[in-house]
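K.L.:
missing the sequence, but the structure's below:
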């Protein structure tokens, strides 16, 4: 195996690791956002957990972050929560998820 082949394998492994890490971060942030949104909707217990889990599992079926944001914003519009507030919360949840995953690695 040449040095070039080893470097190529290294880059491929890093790419795969980074993709898996971002997938986990997106899933975790969607769950955090879902739990927050469920609280805003007055859901608790199993209903809140189901709402949060649905955001995660729906994301697995090719739902983009924008689609998640639009869904939650639509659900919260009747409560007077603006799209921008939900977007800010999503960013907060993503940062929290990244921090949690970084903590898990240590």
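P.N.:
Alright, I've got the coordinates. For clarity, every value in this text was computed on a predicted model and none was experimentally measured.

K.L.:
quick check: the most centrally placed residue in the chain vs residue 96, distance?
P.N.:
With distances taken as C-alpha atoms, centre = their mean, the residue of the chain nearest its centroid is residue 26 (2.6 Å). To residue 96, residue 26 is 13 Å away according to C-beta to C-beta, to the nearest Å. The C-beta positions use only the backbone N, C-alpha and C, and glycine is treated the same way.

K.L.:
what's the answer for residue 76, then?
P.N.:
19 Å.

K.L.:
and the two? which has more neighbours close in?
P.N.:
residue 76 (19 against 15; other C-beta atoms under 10 Å).

K.L.:
average pLDDT for stretch 68-76?
P.N.:
Stretch 68-76 carries an average pLDDT of 93.

K.L.:
give me the residues contacting that stretch.
P.N.:
With contact meaning C-beta atoms under 8 Å, 6 or more residues apart in numbering, stretch 68-76 is reached by 30, 33-34, 37, 40-41, 55, 58-59, 63, 81-83, 86-87, 90.

K.L.:
run a quick neighbour tally on residue 53.
P.N.:
14.

K.L.:
my read: the residue nearest to the centre of the chain touches residue 65, true?
P.N.:
Yes - the pair formed by residue 26 and residue 65 meets the contact definition of C-beta atoms under 8 Å, at 6.8 Å.
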